[in-house]
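[1] Here is my input; please provide its structure:
(2 chains)
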Protein chains: 2
Amino acid sequence: MQPEANLDINKVLEAYNPEIFRKQGYQIVDILADYLNQAISKNIKQSLPYSTPEKMLKKWPDNFSTEPTGNLADLTKRALSQSNHLHHPHYLGHQIAPSLPAAILCDMTSSLLNNSTAVFEMGPVSTVIEKSLINWMAKLVGFGTDSDGFLTSGGTLGNITALLAARQIKTGVDVWKKGVKEAPPLAVFVSEQAHYSIKRAGQIMGLGEEGVVLVPVDENYSMDISALERKFQETINTRKKPFAIIASACTTATGSYDPLDRIADFCEKHNLWLHIDGAHGASALISSKYRDLLKGVERADSISWDAHKMLLMPAPITALIFRDGNNSYEAFSQKASYLFEKGAQSEWYNLALRTVECTKTMMGLKLYTSLSVYGTDFFSTYVTAMHDLTRQFGEMIENSSDFQLAMKPQSNIICFRYIYEGAKDLNLLQRQIRKSILKNKSYYIVQTKLKDDIYLRCTVVNPFTTQEDLKDLLDIIRNTAKIKLNNRTYAK
Amino acid sequence: MQPEANLDINKVLEAYNPEIFRKQGYQIVDILADYLNQAISKNIKQSLPYSTPEKMLKKWPDNFSTEPTGNLADLTKRALSQSNHLHHPHYLGHQIAPSLPAAILCDMTSSLLNNSTAVFEMGPVSTVIEKSLINWMAKLVGFGTDSDGFLTSGGTLGNITALLAARQIKTGVDVWKKGVKEAPPLAVFVSEQAHYSIKRAGQIMGLGEEGVVLVPVDENYSMDISALERKFQETINTRKKPFAIIASACTTATGSYDPLDRIADFCEKHNLWLHIDGAHGASALISSKYRDLLKGVERADSISWDAHKMLLMPAPITALIFRDGNNSYEAFSQKASYLFEKGAQSEWYNLALRTVECTKTMMGLKLYTSLSVYGTDFFSTYVTAMHDLTRQFGEMIENSSDFQLAMKPQSNIICFRYIYEGAKDLNLLQRQIRKSILKNKSYYIVQTKLKDDIYLRCTVVNPFTTQEDLKDLLDIIRNTAKIKLNNRTYAK
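    Got it, this is the predicted structure:
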């Protein structure tokens, strides 16, 4: 790095020049509109351009020059071409949305404003928008007017914040002040199929591996209540103090909903906090056809709900909603501070009191605007349609003798495998099928391990995906498998 | 919510229509370009449009309609007009950047792509860009080629992740597995002027209030080394096990740099982890004139560094860099998993192994592109100029008998107060001055409490702010104070 000269105001004026921004803005909008058109209409060859980390790293070296060298348009085009194309109808990968145009444009506004939403003064618009969105979502959950919450940067932060509140309220010890060491050994319960971030949250909080008790699942990969009762008793017997259950609605791997009503009964009986990880599946609440998947949800103490999954938003935007709004102040228990003097409600607008983050984006702007611009029916029909399509996909697979379903899909996530009687290593076969499709075909699908078996896994999340696409995918898998079976030593 | 109809593919096609996106994109770019022009040229009356949370909430109600009702352009204009205007040269508030145009446009690309960067496959471009940016930043820190790290969503997450690694490496116990209860009582040390998120991080991790030892500061609000020695001894005497020191570079309130070299000596002597919270102040490393503020930084075990403060990026984008890259895998100690089989380096590209978040934005794209588009000299001259201007501001204040500096500014943060001999309540006076300026004038300044006194506080972060603006601000404060002093009972 060379010694710099004094700040040249002309360079600053040029960098921030509104007319240059306007011109570059048009240019980037054109590039993005063309890209969107290509992705939606399958004019991009592959949903995922297959490459290796090492090859990619060479394309983006860290040799920045002291003088301007880069071309914004070129860099944008390169980024687009090498990325994962979520708007491509053959995108069936992880649970993240093909984001809506209005939301994308709102994120540009958010980035320009850079209002941080830590205190009201720094983000007045985003603060009140969060409040309104939480009110809207809380009604869908079935919470009363006492509920409250906020938006946070992703499901992981939502879950850890809820667990911190539970730790404070249900352990009988002021753990925030006194630390985990002064409390009895603590335990939370979660399905063994829950998202890895929950086990992590417990371990971040100092509970150790045994502080997060994994509960076995039933044949549909939902939490097994009799197993919960057994694990609970075992935990009590080792003198641990259970304080919370985290129910999955739904799980990441198979899209299974835990039995919320029965878990709520259990929590009531044993005075446990019930947090629902609804990151993916809470959006079913806006579908009149599928909202019963979350029967009992209104009995939860808290729920997290990602809008960047089934509400078609760019990540991250996670709502964390508490049935009793007062509890939303307990995660970072501010009892000692001015909060108690004024009463919690008087500070609803200084959000960083309750969120892990200090600085946040104006993340509510995109959802608020999209709900207004597209109307709520757009979202409910979308959620319903994705679930419907996944069930149809499930039926297709059930009716194919060379495929096996892990379970009938409950949500828009589906796990299945290609089977061939007598094949030596079915797990390796699924892996090789997937890799071959990623390298050579247009589809992006993922894989997951259930018990000891590898399954192919799809999330039907793209509104442009059709039954024909899914039929075509099964044919491709079939053909890929046959080639593998001929070439290798799978056959009898 | 009404029962939804089936998904109407025409509605979907319309929502994602690339030509509608193009048209709306132009429209929003025009609105943003006009806004930027107005903000920069002071054609917006106030940097912060003063309102109350209650009034604002009424403007953004949660009455979403089932059918489309909102107008994207109108909603965008409303959001802009009611927000905090960071590009206005009179914005002198919190430490967050008036974001650069190229970065704003990159964030639109990131939101369209929605590539989540949890595993390489889901975010190939952002994964390798992160790696390159970390390499570039690590060189500026003075770390060797063994260093490694990643980007995370804000300084709070950066600091907690570093502390988790420290907890795992320096306590002599596998706390990740066994929990805090099985370890001796743990303690970390941090200046009493450090960002609140650090104390919070310790308490999230279950260390309790006493697990985070606040070290008194000297007259410049930097950590007092003799106080550190004293606090350390006291802590040892109560049988606690110290494992880390978090040094501030710089502090939030006054912009003070802790004496990094001396703290590094202390850490070496006592086998403690040294984490540097460089969220705000690490950017001085790119200024040849000011990089000595961080003398000794290369001896840290880890450093966090926000690009959304002094590198002019939209939030959030925080780098967490480890001197020894292997340690970057310790926060969520994956020892039991496949990591150790393959060796950590083979998994550098699956970032969620090491970050709190699973889903992240493509946050590196904006910084990578901006460094290319504007050149690195642009950033180093900017950082130098903001520090120079703050020092000039400090001299102005020192030369005014009716103002008092909290300390000579070390960075681009400055605290001062209006004084009037014999005034009864100087603290109330500063508060009232600030409130009056927010309500009636164009400037946005904040306040902070130092010991028991309230000071006015400015962060000189806007490249359009001039000496004239700062002189004008002092005049406005002076005049505001005089009105208050005449109207109220401050006078002798």
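
[2] in a helix, that's where residue A:414 is, yeah?
    No - secondary structure of residue A:414 (DSSP: H, G, I helix; E, B strand; the rest coil): strand, not part of a helix.

[3] ok, now which ones touch it?
    With contacts defined as C-beta atoms under 8 Å, 6 or more residues apart in numbering or on different chains, residue A:414 is in contact with A:255, A:390, A:393, A:394, A:397, A:405, A:457, A:458, A:459, A:460. In short, each C-beta sits where N, CA and C put it, glycine included.

[4] same deal with residue A:307?
    Residues A:283, A:313, A:317, A:318, A:319, A:367 are the ones in contact with residue A:307 under the rule C-beta under 8 Å, 6+ apart.

[5] Distance to chain B and neighbour count for these - can I get that in TSV?
    Rendered in TSV, the data for the contacts of residue A:307 read as follows (distance: C-beta to the nearest C-beta, whole Å; neighbours: other C-beta atoms under 10 Å in any protein chain shown):
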residue	distance to chain B	neighbour count
A:283	13	29
A:313	9	26
A:317	10	27
A:318	9	26
A:319	12	29
A:367	10	28
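
[6] What about these, which are in strands?
    In this view, the contacts of residue A:307 that belong to strands under DSSP state E are A:318, A:319.

[7] Rebuild the contacts of residue A:307 as a markdown table, extending it with pLDDT.
    Below are the contacts of residue A:307 laid out as a markdown table (pLDDT from 0 to 100):
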| residue | pLDDT |
| --- | --- |
| A:283 | 98 |
| A:313 | 98 |
| A:317 | 97 |
| A:318 | 98 |
| A:319 | 98 |
| A:367 | 98 |
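
[8] For residue A:163, give me its contacts.
    The contact partners of residue A:163, taken as C-beta under 8 Å, 6+ apart, are A:188, A:198, A:201, A:202, A:205, A:244, A:246, A:275.

[9] Confirm that it sits in a strand.
    No - with three-state DSSP as the criterion, residue A:163 is helix rather than part of a strand.

[10] where in the stretch 251-400 of chain A is pLDDT low?
    Within the stretch 251-400 of chain A, the stretches with pLDDT under 70 are A:334-346.

[11] coming back round to it: within reach of chain B, which of the contacts of residue A:414 are there?
    Filtering these for neighbours of chain B using C-beta under 8 Å from any C-beta of the partner chain leaves an empty set.

[12] List buried residues within the residues you listed.
    Applying a neighbour-count criterion of 16 or more other C-beta atoms under 10 Å in any protein chain shown, the buried members of the contacts of residue A:414 are A:255, A:390, A:393, A:394, A:397, A:405, A:457, A:458, A:459, A:460.

[13] Now do the contacts for the third one.
    By that I understand residue A:393. Taking C-beta under 8 Å, 6+ apart as the definition of contact, the neighbours of residue A:393 are A:409, A:414, A:458, A:460, A:467, A:470.

[14] I'd like those residues laid out as TSV, including pLDDT, secondary structure and distance to residue B:211.
    Below are the contacts of residue A:393 laid out as TSV (pLDDT from 0 to 100; DSSP: H, G, I helix; E, B strand; the rest coil; distance: C-beta to C-beta, whole Å):
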residue	pLDDT	secondary structure	distance to residue B:211
A:409	98	coil	46
A:414	98	strand	46
A:458	98	strand	45
A:460	98	coil	46
A:467	97	helix	57
A:470	98	helix	53
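
[15] Among these, list the two that are farthest apart in space.
    When the contacts of residue A:393 are compared pair by pair using C-beta to C-beta, the two farthest from each other are A:409 and A:467, 14.4 Å apart.

[16] Looking at the two, which one has more neighbours?
    Relative neighbour count places residue A:409 above the other of residue A:409 and residue A:467, with 26 against 11, counting by other C-beta atoms under 10 Å in any protein chain shown.

[17] Next, work out how far apart the more buried one and chain B are.
    Using C-beta to the nearest C-beta, to the nearest Å, we find residue A:409 at a distance of 17 Å from chain B.

[18] possible to save the contacts of residue A:307 as TSV with distance to residue B:164?
    Below are these laid out as TSV (distance: C-beta to C-beta, whole Å):
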residue	distance to residue B:164
A:283	31
A:313	29
A:317	25
A:318	21
A:319	26
A:367	31
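
[19] between the contacts of residue A:307, which is closest to residue A:167?
    Nearest member of the contacts of residue A:307 to residue A:167, counting by C-beta to C-beta, is residue A:318, at 19.5 Å.

[20] ok, for that closest one, nearest residue in space, not its chain neighbours?
    In space, residue A:318 comes closest to residue A:158 once its chain neighbours are excluded; the distance is 4.4 Å by C-beta to C-beta, 6 or more residues apart in numbering or on different chains.

[21] Surely that neighbour and residue A:152 touch.
    Yes - the pair residue A:158 and residue A:152 passes the contact test of C-beta atoms under 8 Å, sitting 5.3 Å apart.

[22] Let me see the domain layout of chain A.
    Dividing chain A into domains by automatic domain parsing, as the record does, gives the ranges A:9-40+A:50-83, A:115-374, A:377-487.

[23] Tell me which of those sits most buried.
    Each of those was assessed for mean neighbour count using mean count of other C-beta atoms under 10 Å in any protein chain shown. The highest is domain A:115-374, with a mean of 22.

[24] Contact partners for residue A:250?
    Contact criterion C-beta under 8 Å, 6+ apart gives A:256, A:257, A:258, A:280, A:281, A:293, A:410, A:411, A:413 as the residues in contact with residue A:250.

[25] Let's see that with 10 Å instead.
    When contacts are counted by C-beta atoms under 10 Å, 6 or more residues apart in numbering or on different chains, residue A:250 is found next to A:95, A:193, A:221-222, A:256-258, A:277-282, A:284, A:293-294, A:409-413.

[26] what's the spacing between it and chain B?
    For residue A:250, the distance to chain B under the criterion C-beta to the nearest C-beta works out to 16 Å.

[27] tell me the pLDDT at that residue?
    According to the predicted model, the pLDDT of residue A:250 comes to 97.

[28] which ones are touching the residue nearest to it when sequence neighbours are not counted?
    Of all residues not flanking residue A:250 in the chain, residue A:281 sits nearest, at 3.7 Å (C-beta to C-beta, 6+ apart). Contact partners of residue A:281, counting by C-beta under 10 Å, 6+ apart, are A:95, A:248-252, A:255-258, A:290, A:293-294, A:297, A:305-306, A:309-310, A:410-413.
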